[in-house]
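Participant: Give me a 3D structure for the following:
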Amino acid sequence: MGKYILGCIGLLVVGIIILVIIGFAMGADTYNRLVTLRQGVDAGWAEVENQYQRRADLIPNLVQTVSGAANFEKSTLTEITEARASVGQVKLDPSQAPTDPAKLQQFEQAQSSLGGALSRLLVVAERYPDLKANQDFQDLQAQLEGTENRITTARNHFNQAAQGYNTAVQVFPANLFAGMFGFTTRPYFQSKAGSDVPPPVHFDFTTPTNAAPAH
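Facilitator: Modelled structure (predicted):
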(Lines give C-alpha, C1' and ligand atoms only; values in the text may rest on other atoms or scores of the structure.)
Protein backbone atom coordinates (compact mmCIF):
# COMPACT_ATOMS: atom_id res chain seq x y z
CA MET A 1 0.00 0.00 0.00
CA GLY A 2 2.85 2.32 0.90
CA LYS A 3 4.49 1.78 -2.50
CA TYR A 4 1.17 2.41 -4.20
CA ILE A 5 0.74 5.72 -2.37
CA LEU A 6 4.29 6.72 -3.13
CA GLY A 7 3.71 5.84 -6.76
CA CYS A 8 0.56 7.97 -6.89
CA ILE A 9 2.40 10.85 -5.25
CA GLY A 10 5.20 10.46 -7.76
CA LEU A 11 2.74 10.54 -10.67
CA LEU A 12 1.06 13.61 -9.15
CA VAL A 13 4.39 15.38 -8.81
CA VAL A 14 5.31 14.52 -12.40
CA GLY A 15 1.90 15.76 -13.57
CA ILE A 16 2.34 19.02 -11.71
CA ILE A 17 5.81 19.50 -13.20
CA ILE A 18 4.44 18.87 -16.68
CA LEU A 19 1.63 21.39 -16.13
CA VAL A 20 4.12 23.95 -14.86
CA ILE A 21 6.30 23.43 -17.94
CA ILE A 22 3.30 23.75 -20.24
CA GLY A 23 2.12 26.85 -18.39
CA PHE A 24 5.59 28.38 -18.60
CA ALA A 25 5.78 27.67 -22.32
CA MET A 26 2.33 29.17 -22.89
CA GLY A 27 3.23 32.18 -20.79
CA ALA A 28 6.48 32.75 -22.67
CA ASP A 29 4.72 32.46 -26.04
CA THR A 30 1.97 34.84 -24.93
CA TYR A 31 4.48 37.32 -23.54
CA ASN A 32 6.50 37.37 -26.76
CA ARG A 33 3.36 37.81 -28.86
CA LEU A 34 2.07 40.67 -26.73
CA VAL A 35 5.46 42.37 -26.82
CA THR A 36 5.45 42.19 -30.62
CA LEU A 37 1.92 43.59 -30.83
CA ARG A 38 2.68 46.36 -28.34
CA GLN A 39 5.74 47.35 -30.33
CA GLY A 40 3.50 47.59 -33.39
CA VAL A 41 1.20 49.97 -31.52
CA ASP A 42 4.14 52.11 -30.39
CA ALA A 43 5.51 52.20 -33.94
CA GLY A 44 2.10 53.28 -35.22
CA TRP A 45 1.95 56.01 -32.60
CA ALA A 46 5.44 57.25 -33.50
CA GLU A 47 4.31 57.67 -37.12
CA VAL A 48 1.20 59.58 -36.02
CA GLU A 49 3.36 61.94 -33.96
CA ASN A 50 5.79 62.29 -36.86
CA GLN A 51 3.09 63.37 -39.30
CA TYR A 52 1.47 65.79 -36.87
CA GLN A 53 4.90 67.29 -36.18
CA ARG A 54 5.49 67.62 -39.91
CA ARG A 55 2.29 69.66 -40.19
CA ALA A 56 3.28 71.84 -37.25
CA ASP A 57 6.69 72.48 -38.81
CA LEU A 58 5.08 73.72 -42.04
CA ILE A 59 2.84 76.26 -40.34
CA PRO A 60 5.47 78.95 -39.47
CA ASN A 61 6.47 79.17 -43.14
CA LEU A 62 2.81 79.31 -44.13
CA VAL A 63 2.12 82.11 -41.65
CA GLN A 64 5.16 84.04 -42.86
CA THR A 65 4.07 83.64 -46.48
CA VAL A 66 0.46 84.71 -46.02
CA SER A 67 1.34 87.56 -43.65
CA GLY A 68 3.10 89.19 -46.58
CA ALA A 69 -0.21 89.57 -48.40
CA ALA A 70 -1.62 93.06 -48.19
CA ASN A 71 -4.40 93.45 -45.59
CA PHE A 72 -4.46 89.75 -44.75
CA GLU A 73 -6.78 89.09 -41.81
CA LYS A 74 -4.64 89.28 -38.68
CA SER A 75 -7.18 87.44 -36.54
CA THR A 76 -6.78 84.38 -38.76
CA LEU A 77 -3.02 84.42 -38.32
CA THR A 78 -3.42 84.84 -34.56
CA GLU A 79 -5.82 81.90 -34.38
CA ILE A 80 -3.51 79.46 -36.12
CA THR A 81 -0.47 80.67 -34.17
CA GLU A 82 -2.30 80.14 -30.87
CA ALA A 83 -3.63 76.75 -32.00
CA ARG A 84 -0.10 75.61 -32.86
CA ALA A 85 1.12 76.77 -29.46
CA SER A 86 -1.68 74.80 -27.76
CA VAL A 87 -0.59 71.64 -29.54
CA GLY A 88 2.92 72.12 -28.18
CA GLN A 89 1.55 72.20 -24.63
CA VAL A 90 0.16 68.66 -24.88
CA LYS A 91 3.19 66.55 -24.03
CA LEU A 92 3.02 62.85 -24.94
CA ASP A 93 5.91 60.44 -25.39
CA PRO A 94 6.37 60.11 -29.18
CA SER A 95 7.98 56.67 -28.79
CA GLN A 96 5.26 55.06 -26.68
CA ALA A 97 1.54 55.01 -27.33
CA PRO A 98 -0.47 56.65 -24.54
CA THR A 99 -2.30 54.46 -22.03
CA ASP A 100 -4.52 57.22 -20.63
CA PRO A 101 -7.63 57.85 -22.79
CA ALA A 102 -8.01 61.35 -21.33
CA LYS A 103 -4.52 62.36 -22.44
CA LEU A 104 -5.09 61.00 -25.94
CA GLN A 105 -8.39 62.88 -26.11
CA GLN A 106 -6.62 66.09 -25.06
CA PHE A 107 -3.99 65.51 -27.74
CA GLU A 108 -6.66 64.83 -30.36
CA GLN A 109 -8.66 67.94 -29.43
CA ALA A 110 -5.57 70.15 -29.72
CA GLN A 111 -4.68 68.68 -33.10
CA SER A 112 -8.27 69.04 -34.28
CA SER A 113 -8.28 72.71 -33.27
CA LEU A 114 -5.06 73.26 -35.19
CA GLY A 115 -6.46 71.49 -38.23
CA GLY A 116 -9.57 73.65 -38.11
CA ALA A 117 -7.55 76.85 -37.81
CA LEU A 118 -5.37 75.76 -40.71
CA SER A 119 -8.40 75.07 -42.91
CA ARG A 120 -9.90 78.47 -42.09
CA LEU A 121 -6.63 80.23 -42.90
CA LEU A 122 -6.49 78.55 -46.28
CA VAL A 123 -10.11 79.42 -46.98
CA VAL A 124 -9.36 83.07 -46.22
CA ALA A 125 -6.32 82.86 -48.51
CA GLU A 126 -8.71 81.94 -51.32
CA ARG A 127 -9.78 85.58 -51.42
CA TYR A 128 -6.24 86.80 -52.23
CA PRO A 129 -5.40 86.16 -55.91
CA ASP A 130 -1.82 87.40 -55.59
CA LEU A 131 -1.26 85.06 -52.65
CA LYS A 132 -2.76 82.10 -54.49
CA ALA A 133 -0.42 82.77 -57.39
CA ASN A 134 2.60 82.86 -55.07
CA GLN A 135 4.82 79.84 -55.75
CA ASP A 136 5.86 79.49 -52.10
CA PHE A 137 2.21 79.40 -51.07
CA GLN A 138 1.42 76.80 -53.73
CA ASP A 139 4.31 74.62 -52.54
CA LEU A 140 3.21 74.87 -48.91
CA GLN A 141 -0.39 74.10 -49.84
CA ALA A 142 0.72 70.96 -51.70
CA GLN A 143 2.87 69.83 -48.76
CA LEU A 144 0.02 70.42 -46.31
CA GLU A 145 -2.42 68.51 -48.46
CA GLY A 146 -0.01 65.56 -48.60
CA THR A 147 0.56 65.78 -44.85
CA GLU A 148 -3.17 65.69 -44.09
CA ASN A 149 -3.45 62.52 -46.17
CA ARG A 150 -0.51 60.97 -44.31
CA ILE A 151 -2.03 61.94 -40.95
CA THR A 152 -5.26 60.16 -41.84
CA THR A 153 -3.36 57.07 -42.98
CA ALA A 154 -1.15 57.05 -39.86
CA ARG A 155 -4.16 57.37 -37.55
CA ASN A 156 -5.92 54.49 -39.29
CA HIS A 157 -2.84 52.27 -39.04
CA PHE A 158 -2.46 53.15 -35.36
CA ASN A 159 -6.08 52.26 -34.62
CA GLN A 160 -5.70 48.95 -36.45
CA ALA A 161 -2.54 48.09 -34.50
CA ALA A 162 -4.18 49.10 -31.20
CA GLN A 163 -7.25 47.02 -31.99
CA GLY A 164 -5.14 43.92 -32.67
CA TYR A 165 -3.14 44.43 -29.50
CA ASN A 166 -6.20 45.14 -27.33
CA THR A 167 -7.94 42.04 -28.63
CA ALA A 168 -4.90 39.90 -27.86
CA VAL A 169 -4.69 41.31 -24.33
CA GLN A 170 -8.32 40.51 -23.54
CA VAL A 171 -8.89 37.08 -25.14
CA PHE A 172 -8.32 33.77 -23.36
CA PRO A 173 -5.76 32.50 -22.47
CA ALA A 174 -3.64 35.63 -23.01
CA ASN A 175 -5.78 37.56 -20.54
CA LEU A 176 -4.53 35.23 -17.81
CA PHE A 177 -0.97 36.44 -18.37
CA ALA A 178 -1.46 40.02 -19.65
CA GLY A 179 -2.10 41.62 -16.28
CA MET A 180 0.70 39.61 -14.71
CA PHE A 181 3.15 40.90 -17.31
CA GLY A 182 1.90 44.49 -17.21
CA PHE A 183 0.12 44.57 -20.57
CA THR A 184 -2.84 46.95 -20.60
CA THR A 185 -5.17 48.10 -23.37
CA ARG A 186 -4.41 51.25 -25.34
CA PRO A 187 -6.97 53.93 -26.29
CA TYR A 188 -7.90 54.64 -29.90
CA PHE A 189 -8.40 57.81 -31.84
CA GLN A 190 -12.14 58.38 -31.80
CA SER A 191 -13.74 58.54 -35.23
CA LYS A 192 -15.96 61.50 -35.98
CA ALA A 193 -18.24 62.15 -38.88
CA GLY A 194 -16.05 62.82 -41.91
CA SER A 195 -12.83 62.12 -40.01
CA ASP A 196 -11.82 59.59 -42.64
CA VAL A 197 -11.54 62.44 -45.16
CA PRO A 198 -8.61 64.86 -44.83
CA PRO A 199 -9.52 68.56 -44.43
CA PRO A 200 -9.92 70.20 -47.86
CA VAL A 201 -6.79 72.23 -48.48
CA HIS A 202 -6.75 72.13 -52.28
CA PHE A 203 -7.36 75.29 -54.23
CA ASP A 204 -7.76 76.33 -57.84
CA PHE A 205 -4.83 78.65 -58.45
CA THR A 206 -6.31 80.30 -61.51
CA THR A 207 -6.73 83.99 -60.80
CA PRO A 208 -10.16 85.52 -61.60
CA THR A 209 -9.76 88.65 -63.68
CA ASN A 210 -12.28 90.56 -61.59
CA ALA A 211 -11.04 89.42 -58.15
CA ALA A 212 -9.75 91.88 -55.61
CA PRO A 213 -8.22 91.43 -52.17
CA ALA A 214 -10.56 91.68 -49.20
CA HIS A 215 -10.22 94.74 -46.97
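Participant: Buried residues of the helix or strand hosting Phe137, list them for me.
Facilitator: Taking DSSP states H and E as the criterion, the element that holds Phe137 is helix 135-170. If you call a residue buried by 16 or more other Cβ atoms under 10 Å, then helix 135-170 has these buried ones: 137, 140-141, 143-145, 147-148, 150-152, 154-159, 161-162, 165-166, 168-169. C-beta: built from backbone N, CA, C; applies to glycine.
Participant: With stretch 64-76 instead?
Facilitator: Going by neighbour count (16+ other Cβ under 10 Å), the buried part of stretch 64-76 is Thr65, Val66, Ala69, Phe72, Glu73, Thr76.
Participant: Which pLDDT does the model give the most centrally placed residue in the chain?
Facilitator: Ranked by distance to the mean C-alpha position of the chain (Cα atoms, centre = their mean), the top residue is Val48 at 3.7 Å. Among the per-residue scores, Val48 holds a pLDDT of 96.
Participant: same question, Asp196
Facilitator: Note on Asp196: pLDDT of 43.
Participant: now Thr30
Facilitator: According to the model's per-residue confidence, Thr30 sits at a pLDDT of 83.
Participant: Quick check: the gap between it and Leu122.
Facilitator: To Leu122, Thr30 is 49 Å away according to Cβ to Cβ, to the nearest Å.
Participant: helix/strand/coil for Asn71?
Facilitator: Applying DSSP: H, G, I helix; E, B strand; the rest coil to Asn71 yields a three-state assignment of coil.
Participant: any chance you could read off phi and psi for it?
Facilitator: Its backbone dihedrals place Asn71 at phi 60, psi 30, with angles given as degrees, to the nearest 10.
Participant: Any figure for the gap between it and Leu131?
Facilitator: Taking Cβ to Cβ as the criterion, Asn71 is separated from Leu131 by 11 Å.
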